[in-house]
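Participant: Whatever this is, show me its structure:
(chains A and B)
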2 protein chains.
Amino acid sequence: MPAPVNAHMLALMETSPATPDATHDPRLRSWLPAANAAGCDFPIQNLPLGAFSRPGESATRIGVAIGDRVLDLRAARDAGLLHGPAADAATAPDLRPLMALGRPAATQLRAAVSALLREGAPRAEAAAAATLPMRDATMRLPCAIMNFTDFMISRDHTARLGARRDAANPLPPAFEHLPVAYHSRASSVRVSGEPVVRPHGQRRDADGGVSFGPCRNLDFELELAIWLAGENALGTPVPMASAPSRLFGYGLLNDWSARDIQFLEMAPLGPFLGKSLSTTVSPWIVTADAMLPFAAPAAPRPAGDLPVPPHLDSPANRESGALRIAMEVLLLTPALREAGAAPARLTATEFAGLYWTPAQLVAHHASNGCNLLPGDLLGSGTCSGPTDDSRACLAEILLGGPVTLPNGETRRFLEDGDEVIFRAKAHAPGAVPIGFGECRAAVAPAVEWPGA
Amino acid sequence: MPAPVNAHMLALMETSPATPDATHDPRLRSWLPAANAAGCDFPIQNLPLGAFSRPGESATRIGVAIGDRVLDLRAARDAGLLHGPAADAATAPDLRPLMALGRPAATQLRAAVSALLREGAPRAEAAAAATLPMRDATMRLPCAIMNFTDFMISRDHTARLGARRDAANPLPPAFEHLPVAYHSRASSVRVSGEPVVRPHGQRRDADGGVSFGPCRNLDFELELAIWLAGENALGTPVPMASAPSRLFGYGLLNDWSARDIQFLEMAPLGPFLGKSLSTTVSPWIVTADAMLPFAAPAAPRPAGDLPVPPHLDSPANRESGALRIAMEVLLLTPALREAGAAPARLTATEFAGLYWTPAQLVAHHASNGCNLLPGDLLGSGTCSGPTDDSRACLAEILLGGPVTLPNGETRRFLEDGDEVIFRAKAHAPGAVPIGFGECRAAVAPAVEWPGA
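Facilitator: Presented below is the predicted three-dimensional model:
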């Protein structure tokens, strides 16, 4: 009698590694000219998913970004252009139903959408009728987020800030053993474009005292957003072999940080109100499938560091667990905006060099049996690199003194009206680069304290 | 022209302090004899709310515990015994719609249910027909939990464990300034009765090394669960004056803690996998209204401690912000179970003596503008008191050496098959004591590591 198939065996059956296919062919072009323009974030090789509202509608729909337009998946399915369970799930008001189907459903949807949008597609005209200009789409959160976990996977970020505490031992004791993380706040995640209100709080003052009032040290953190697919039952770990099947896709994430609030509150239970004021995510999810050409070997560990623990290691991860993504931070101050000047670049960094890979974050997170749900959001942590210009938050940048902008303005922490903009591009030899769109938000002044 | 009413003014309008009414009258009796028995957890003065399934049904309903029976609120409304928006919301499959209506809706529902269940009620027979035996009700989570935050509000717990790090300064720097807290994991909260699987993890070993395997130091933490009503928009703080209106009710919570995993991972971002393995809550929510007779003055701070910061202080909180609840921990080992012996009591403690009140937790949590949602869950943190027998987790109890049980068994941390049981009773002079039911779960052995 054959043994019954259990959840673990099913998970292993999903693990044949995904490889690039016809949808990644660099020669592919769309019938939409804007999608073929050099430097476009959304060529036909990308096809990221997002939730949006049409003009005059409050309801949300699922769309695919292509060039300067959005393919409305509900309209495409209603027009008979898409079929099957993945297309049905994509008629929901957000991406959770599609995420719940697991990564293979997203793979099928990608193939169908790619066929629809490519040059010479037999039903190109009907497909075009199911699109709208991107500027007319109001982007929403990709899905209701049930859980948000934030990691800290840059060795440079961790060591740079840790050195202020202990220059000889700048890394926390667990750093080489496991991807250090904390549960963060799901309810306050907002989509790109929504202003961030400067929070009140009890602050650690420069003189070491404590006071209550609006945050004085508001910071950004440039992170990769990692969106999960599928679900493991509580008590059931996700081994490295099946962890990649839980990766739905990627975006950009600004983990706004009120440093003066955070540094008072965080011992010993970690950051709380210094982070839950708001978190901004970019609206488009670049799918794990779209990222296949940009896979890279996991970054080698510096000599003298501990080896990767066996339960967080796998041949596939060593070979292709990392992702080649060039990321940058731009700052648009009120003065730059008024002058019509371009935003100033503060940071340029690379995701592939970080200490842990997305699959390792999943495997570690579920190693205690924690159930990860479709639509759960992981933040990579600040993506700082080794060089001065790759410091990906102000707390690190300001270790070198105040920032001077091209117009002569200086900045320590963020001021009201400042707008922080993240952009990123996946890149690899021979592949058409694909972009993430923008993650941006401006700082709004603190509210008047109630009853004050 | 009158000023427009904004959210803050609305919040202030809600703040007339609730006071005991006819539903709290100690002379009230139910037509159900079991509800009038001395020592019953669920007399007519209690009327806690929970979600349950009827025999043979998987769908859930809202019920009220009365004596040894459950009043099925959907059945009661269908029978024309309850009317209005609160009764309509109580026909939902879980408590979130009622919680979303805010605390006044729960107050109205309580008055109607009390009238229905009291001795001499004109429609007592019809009401009885809408009940079922409690033993036939399968209890579920009260609602889908969007966010779970865990606090640390016992000065004794914090100081006892902190002294191991620094005997001269056992409290963390923020403790007297604010209720220290961390975001915890919402997806792994489970209702009383579901076993807790011993987690795998990277563990800090006794010799200081690190290894991977099943947790060796599994602990419980006795906490009060605090369930929230209503919602504040992101960016809008909740001042102390309106914080009580956000308290929906209370239960018991076991914040299972894998100490060896937690102590390796928690610097500097706080507990993560040491906590997210599972959290158990009791199924019945004792409403904030039911607790009115058990209000107590906020505990005075020890001489030498800082004063309460003004934004976390209010006359109402000083007078009646605390709650008189006697709480206990019992342990049923496999040997005790086999012998048919009673569980052994490990802890007896009192909630009223803790350092911060529930309203202060709400006001602090929202002070940075964090949006708190209906059904959000707050854990009080371990409710340890000053005496040896009020230590409310094993990490504290074991500072005095291994525990010896009445049958001669000894325990350090929890073993497979051990069942941990929490019980609690609200008490006050002249009031009928009301109970919380049980929060219990047994430890299941670790799973075989996948692929091992």
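
Participant: and residue A:35, that one's in a strand?
Facilitator: No: per DSSP: H, G, I helix; E, B strand; the rest coil, residue A:35 lies outside any strand segment and is helix.

Participant: Whichever residue of the stretch 351-452 of chain A sits closest to chain B: what's its closest spatial neighbour, skipping adjacent residues?
Facilitator: Residue nearest to chain B within the stretch 351-452 of chain A: residue A:368 (3.6 Å; CB to the nearest CB). For glycine as for every other residue, the C-beta is placed from the backbone atoms N, C-alpha and C. Of all residues not flanking residue A:368 in the chain, residue B:199 sits nearest, at 3.6 Å (CB to CB, 6 or more residues apart in numbering or on different chains).

Participant: ok, how many other residues are close to the one you found?
Facilitator: 25 (other CB atoms under 10 Å in any protein chain shown).

Participant: who's in contact with the nearest residue to residue A:351 once chain neighbours are set aside?
Facilitator: Once flanking residues are discounted, residue A:351 sits nearest to residue A:325: 4.0 Å by CB to CB, 6+ apart. Listed by CB atoms under 8 Å, 6 or more residues apart in numbering or on different chains, the contact partners of residue A:325 are A:224, A:250, A:294, A:350, A:351, A:352, A:424, A:425, A:426, A:427, A:436.

Participant: Contact partners for the nearest residue to residue A:414 once chain neighbours are set aside?
Facilitator: For residue A:414, ignoring the flanking residues on the chain, the nearest one in space by CB to CB, 6+ apart is residue A:218 at 4.4 Å. Neighbour list for residue A:218: A:198, A:256, A:257, A:258, A:259, A:413, A:414, A:443 [criterion: CB under 8 Å, 6+ apart].

Participant: Pop out the phi and psi values for the closest residue to the third one other than its chain neighbours.
Facilitator: Here the nearest residue to residue A:257 in space, its sequence neighbours aside, is residue A:219; by CB to CB, 6+ apart that works out to 4.4 Å. Dihedral angles of residue A:219 (phi, psi; degrees, to the nearest 10) stand at phi -130, psi 160.

Participant: Please save the CA atoms from stretch A:44-63 in PDB.
Facilitator: C-alpha atoms of stretch A:44-63 as PDB (Å, rounded to 0.1, in the frame of the first residue of the first chain):
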ATOM      1  CA  ILE A  44       6.900  42.600 -21.600                       C
ATOM      2  CA  GLN A  45       9.500  40.600 -19.700                       C
ATOM      3  CA  ASN A  46       8.300  42.200 -16.400                       C
ATOM      4  CA  LEU A  47       4.400  42.000 -16.100                       C
ATOM      5  CA  PRO A  48       4.100  42.900 -12.500                       C
ATOM      6  CA  LEU A  49       0.800  42.600 -10.700                       C
ATOM      7  CA  GLY A  50      -1.000  45.300  -8.600                       C
ATOM      8  CA  ALA A  51      -4.400  46.400  -7.300                       C
ATOM      9  CA  PHE A  52      -6.000  49.600  -8.700                       C
ATOM     10  CA  SER A  53      -9.200  51.500  -9.000                       C
ATOM     11  CA  ARG A  54     -10.500  52.800 -12.400                       C
ATOM     12  CA  PRO A  55     -11.400  56.500 -12.600                       C
ATOM     13  CA  GLY A  56     -14.600  57.100 -10.700                       C
ATOM     14  CA  GLU A  57     -14.700  53.700  -9.100                       C
ATOM     15  CA  SER A  58     -13.800  52.900  -5.400                       C
ATOM     16  CA  ALA A  59     -13.800  49.200  -6.000                       C
ATOM     17  CA  THR A  60     -10.400  47.700  -6.700                       C
ATOM     18  CA  ARG A  61      -9.300  45.300  -9.500                       C
ATOM     19  CA  ILE A  62      -6.100  43.400 -10.400                       C
ATOM     20  CA  GLY A  63      -3.900  44.800 -13.200                       C
END
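
Participant: Would you mind listing the buried residues in it?
Facilitator: Buried residues in stretch A:44-63, counted by 16 or more other CB atoms under 10 Å in any protein chain shown: A:44-54, A:60-63.

Participant: And for stretch A:433-452?
Facilitator: Buried, per 16+ other CB under 10 Å, within stretch A:433-452: A:433-443, A:446-447, A:450.

Participant: Over to stretch A:188-201?
Facilitator: Buried, per 16+ other CB under 10 Å, within stretch A:188-201: A:188-192, A:194-201.

Participant: Strands - which of these land there?
Facilitator: Under the assignment DSSP state E, those contribute A:189, A:190, A:191, A:196, A:197, A:200, A:201 to strands.

Participant: Thanks again, I'm all set now.
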